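Participant: Just to be clear, the model below is a prediction. Sequence and coordinates:
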Amino acid sequence: MPHTPSSQPPAVRRRTVLAAAATAAAAPALAGLTAAPASAAARGKRLRALPGGGDLGPNVLVFDPSTPDIQARLDAVFRQQESAQFGTGRYALLFRPGAYHGLNAQLGFYTSIAGLGLSPDDTTINGDVTVDAGWFGGNATQNFWRSAENLALVPVSGTNRWAVAQAAPFRRMHIRGGLNLAPSGYGWASGGYIADSRIDGEIGPYSQQQWYTRDSAIGSWLNGVWNMVFSGVEGAPAQSFPNPPYTTLDTTPVSREKPFLYVDGAGAFRVFLPAKRTNARGVTWGNGTPRGSSLPLSRFYVAKPGVSAATLNQALAQGLNLLLTPGIYHLDRPIQVNRADTVVLGLGYATLIPDNGVGALKVADVDGVRLAGFLVDAGPVNSPVLLEVGPSGASRDHSANPTTVQDVFVRIGGAGAGKATTSMVINNRHTIVDHTWVWRADHGEGVGWETNRADYGVVVNGHDVLATGLFVEHFNKYDVQWNGQRGRTIFFQNEKAYDAPNQAAIQNGSVKGYAAYKVGAHVTAHEGWGLGSYCYYNVDPTIVQHHGFAAPNVPGVKFHDLLVVSLGGQGQYEHVINDLGAPTSGTSTVPSTVVSYP
């Protein structure tokens, strides 16, 4: 039956293994990379400069209001992608400014829809952008990897349905009506993320377990289940955790919105780079030209699947940025970002797969790098680190112009065997990690306690790092390990690994289990708001996890609104943080909470 605001929380988020759901589905270029050799023969072997700009490839569909049969083309992509959870199809659906009528864009896996104006209101769809869960029996907990951005919607019924799980951002949207975050039938749901958006009416989460909304404006918010977090949101409900479970910050300390593609007055593609805001509140658009700068497409190497990592690195060394068009990219060496203010922007969930145990991408200790909109999928040979932001020991001050990591997702297993010791390492100071889902797969292909071994999810060594919307799940040891000083996290969602074979497998010395979120013993300043960890030890339901969170007991380390949940009694927590907080018990799936630590 439907979940209403007064209903009990949804029972258990069971992600059952799918049998076979996946379906395959210009600034002048700078000089070459090498110094001029002495001989003419050697000069002939110099690398030829790569061009910037170019077409966006076959999987970027660009519409304008006069395009015929738009609905049929949207439906064809959806038919291919609806249940292709681990398929190879990748699509971006882009709408030039103007008004569109009678459309319902249903989004399946690895599908992004976006307007191409400077403001969402430049591109209005009189219709809907829909995510539902019919493909999975009304269960929305696997509606991953899809996005909507930079559009205004006038929903046909007055309310748009966006029933998503993780890795499904809703950015820079204007809903002239309401927004329903639950599937039809109000089955289980586990999202989610909204930023820089205006929802004129009510947002109804209904069965959504948790949600994070940042720097937006909303008409009202209906209900909460376990953990609803707001920062910088006009119209957000008042702070009231745990009943209702609302954590509300008046502003976001620092934010810089994700880069996005748009068209200028001449119809040419450009990439807009929003400006940094401090103590941010509300949307960045709606009052004239948004603050920031833009780059022509000619300043980007437009990459297509099949390109080599050497070519991508050559483009970067020339001074070009990277635009990764939809598809899958195999890498025999890491993409190396060495230049300040470099942009690496993916479209349609462009996917990087590092081969032979290499990393996928590394960033130097430089200012202002922007990484956005791509998926890193671990390869079958173990990678020590998949994504490294800054070298070990990075120490430069980047407060004026930080690196941002936005809608960059990591997966180990699921689409096939994958291994990585650590998924994401943040070494650079002042980095902003704004919405990530770092996931060791619990279902799909290549899944097992040792099969897709991945000990650590996110490791933060840099000081002054901010995470807004941190989703990290199922790692063999610590999901998050935070060693840097003065770190801050606003919203954290976690599940411990389902597939631990027994208590001994997760034992951390004398401690029962590894915390989901561990702050290093030497850290003297750290703060977090709205953090939740859940356990579902379905292989051995007798497993006991001592706590979800571990941190030094010092005045400068503070947490607000923590919770742990045993999903249906499959394993239990003894405490919430350190030795504080009541144990979970039984099968009732009721959170144990700590409102303030210490």
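Facilitator: Sure, I can see it.

Participant: State the number of residues packed around G201.
Facilitator: 17 (other C-beta atoms under 10 Å). All C-beta atoms are positioned from the backbone trio N, CA, C, and that covers glycine.

Participant: before we move on, what about G446?
Facilitator: G446 has 18 nearby residues by other C-beta under 10 Å.

Participant: now A99
Facilitator: 11.

Participant: Now it. Nearest residue, chain neighbours left out?
Facilitator: Computed as C-beta to C-beta, 6 or more residues apart in numbering, the closest residue to A99 that is not its neighbour in sequence is T124, at 5.0 Å.

Participant: and the one you found, that one's in a strand?
Facilitator: Yes. Secondary structure of T124 (DSSP: H, G, I helix; E, B strand; the rest coil): part of a strand.

Participant: Touching, it and V154? I think so.
Facilitator: Yes. Counting by C-beta atoms under 8 Å, T124 touches V154, with 6.7 Å between them.

Participant: ok, those two, which is more surrounded?
Facilitator: Taking neighbours as other C-beta under 10 Å, T124 and V154 compare with T124 leading, 22 against 18.

Participant: Please report how far the more buried one lies from S596.
Facilitator: Using C-beta to C-beta, to the nearest Å, we find T124 at a distance of 44 Å from S596.

Participant: mind listing the helices for the chain?
Facilitator: 40-44, 70-81, 309-318, 503-506 (DSSP state H).

Participant: Dump the ones you listed to TSV, plus distance to D367.
Facilitator: Shown next, in TSV, are the helices of the chain (distance: least, C-beta to C-beta, whole Å):
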stretch	distance to D367
helix 40-44	35
helix 70-81	37
helix 309-318	16
helix 503-506	40
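
Participant: would you list the ones you listed in a markdown table and tack on mean pLDDT and mean neighbour count?
Facilitator: A markdown table is the format used below for those (pLDDT from 0 to 100; neighbours: other C-beta atoms under 10 Å):
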| stretch | mean pLDDT | mean neighbour count |
| --- | --- | --- |
| helix 40-44 | 39 | 9 |
| helix 70-81 | 98 | 17 |
| helix 309-318 | 98 | 19 |
| helix 503-506 | 98 | 16 |
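
Participant: Those helices: which one's closest to N483?
Facilitator: Closest to N483 of the helices of the chain is helix 503-506 (C-beta to C-beta; 21.3 Å).

Participant: tell me how far that closest one is from the chain's mean position?
Facilitator: Chain-centre distance of helix 503-506: 30 Å, with C-alpha atoms, centre = their mean, to the nearest Å.

Participant: who touches that helix?
Facilitator: The contact list for helix 503-506 (C-beta atoms under 8 Å, 6 or more residues apart in numbering) reads W449, K496, A497, A500, K512, G513, Y514, D540, T542, I543, V544, Q545.

Participant: and if we set it to 6 Å?
Facilitator: A500, G513, I543 (C-beta atoms under 6 Å, 6 or more residues apart in numbering).

Participant: what's the longest strand in the chain?
Facilitator: strand 343-354 (DSSP state E).

Participant: quick one, that strand and helix 309-318 angle?
Facilitator: Angle between the axes of strand 343-354 and helix 309-318 is 160 degrees (criterion: axes from the mean of the first three to the mean of the last three C-alpha atoms, to 10 degrees).

Participant: Tell me the strands beside strand 343-354, with direction?
Facilitator: strand 321-324 (parallel), strand 328-331 (parallel), strand 370-377 (parallel) (DSSP bridges).

Participant: Export only the CA atoms of the second one, formatted as CSV.
Facilitator: The one in question is strand 328-331. Only the C-alpha atoms of strand 328-331 are listed here, as CSV (Å, rounded to 0.1, in the frame of the first residue of the first chain):
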residue,chain,number,x,y,z
ILE,A,328,32.9,3.5,-22.8
TYR,A,329,36.6,4.4,-22.7
HIS,A,330,39.3,1.8,-21.9
LEU,A,331,42.5,3.3,-20.4
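
Participant: And the contacts of it?
Facilitator: Counting by C-beta under 6 Å, 6+ apart, T88, P305, A309, T351, L352, I353, P354, D355 sit against strand 328-331.

Participant: Can you tell me which of those are buried?
Facilitator: For these, a burial check counting by 16 or more other C-beta atoms under 10 Å picks out P305, A309, T351, L352, I353, P354.

Participant: so what's the fourth one closest to, chain neighbours aside?
Facilitator: Translated: L352. A360 (4.6 Å).

Participant: What ranges does the stretch 1-150 of the chain have for its strands?
Facilitator: 60-63, 91-95, 98-106, 111-115, 123-130, 146-149 (DSSP state E, counting those that start in this stretch).

Participant: Give me the buried positions along the third one.
Facilitator: Spelled out, that is strand 98-106. G98, Y100, L103, N104, A105, Q106.

Participant: Test my guess that the fifth one contacts L74.
Facilitator: Yes. With contact defined as C-beta atoms under 6 Å, A105 counts as touching L74 (4.9 Å).
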